[in-house]
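Engineer: pasting the structure only:
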């Protein structure tokens, strides 16, 4: 999408939003000559959020392993079967 200044964004927001595509990079919004925000398609934000959630889950798992908070496969199956009842 590129870069947009705030004033033109106010005037042609509908057009700029319509040009946002899920596979496209977010548009950088400039205010007073400085980066102020990004404008992106909802699908793009949803995808980024899912990816971030996955990475945070992996990081939590790695921390659990480092801290010794692990269980055997059999214990995990037992816990899961209790939760699913």
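Structural biologist: Okay, I see it. Please read these numbers as outputs of a predicted model, since none were measured by experiment.

Engineer: Mind checking what secondary structure residue 37 has?
Structural biologist: strand (DSSP: H, G, I helix; E, B strand; the rest coil).

Engineer: Tell me the bridge partners for it.
Structural biologist: For residue 37, the beta-bridge partners are residue 29 (DSSP bridges).

Engineer: Adjust the sequence numbering to begin at 23 for everything that follows.
Structural biologist: Okay, using 23 as the starting number, the last item reads as residue 59.

Engineer: Report how many residues lie close to it.
Structural biologist: 14 (other Cβ atoms under 10 Å). Every residue, glycine included, has its C-beta placed from N, CA and C.

Engineer: How about residue 49?
Structural biologist: Residue 49: 20 surrounding residues under other Cβ under 10 Å.

Engineer: mind checking pLDDT for residue 23?
Structural biologist: If you check residue 23, the pLDDT there is 57.

Engineer: Also the one 3 residues further on?
Structural biologist: Note on residue 26: pLDDT of 67.

Engineer: Can you check the pLDDT for the most far-flung residue of the chain relative to its centre?
Structural biologist: Distance from the C-alpha centroid of the chain peaks at residue 96, with 34.0 Å (Cα atoms, centre = their mean). Looking at residue 96, its pLDDT reads 94.

Engineer: what does the helix or strand encompassing it contact?
Structural biologist: Element membership of residue 96, judged by DSSP states H and E, is helix 95-105. Helix 95-105 has contacts (Cβ atoms under 8 Å, 6 or more residues apart in numbering) with residue 93.

Engineer: Residue 46 is in what secondary structure piece?
Structural biologist: Applying DSSP H and E, one finds residue 46 in no helix or strand.

Engineer: tally of neighbours for it?
Structural biologist: For residue 46, using other Cβ under 10 Å, the count is 13.

Engineer: okay, now the domains of the chain?
Structural biologist: The record's domain split for the chain, according to automatic domain parsing, is 24-62, 65-105.
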